[in-house]
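Let's see this in three dimensions:
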Amino acid sequence: MEEEVLTYQIRGCIFNVYNKLGPGLFESVYQSALFYELDKAGLAFKR
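All right, here's what the predicted structure looks like:
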């Protein structure tokens, strides 16, 4: 159950980034935005 909640939160962050930025940008832009969204959601991660 905990894995489902975690993956739901991660996918939510990914969708937020894509919906805000749209297609056609460099991968590094999406990566930075995703790191920001993950941090904002309180999820731990390593760059």
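
residue contacts, G12?
If a contact means C-beta atoms under 8 Å, 6 or more residues apart in numbering, then G12 has A41 as its contacts. No exception for glycine: its C-beta is placed from N, CA and C like everyone else's.

How about the secondary structure of it?
Classification of G12 using DSSP: H, G, I helix; E, B strand; the rest coil returns helix.

how near is it to N19?
Note on G12: its distance to N19, by C-beta to C-beta, to the nearest Å, is 10 Å.

Then E2?
Counting by C-beta to C-beta, the gap from E2 to N19 is 26 Å.

Which residue ranges of this protein form helices?
2-21, 27-40 (DSSP state H).

Mind putting these into a markdown table with distance to K46 and mean pLDDT?
Below are the helices of the chain laid out as a markdown table (distance: least, C-beta to C-beta, whole Å; pLDDT from 0 to 100):
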| stretch | distance to K46 | mean pLDDT |
| --- | --- | --- |
| helix 2-21 | 14 | 96 |
| helix 27-40 | 10 | 97 |
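
Can I get these in a markdown table including distance to R47?
Output for the helices of the chain, formatted as a markdown table (distance: least, C-beta to C-beta, whole Å):
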| stretch | distance to R47 |
| --- | --- |
| helix 2-21 | 15 |
| helix 27-40 | 7 |
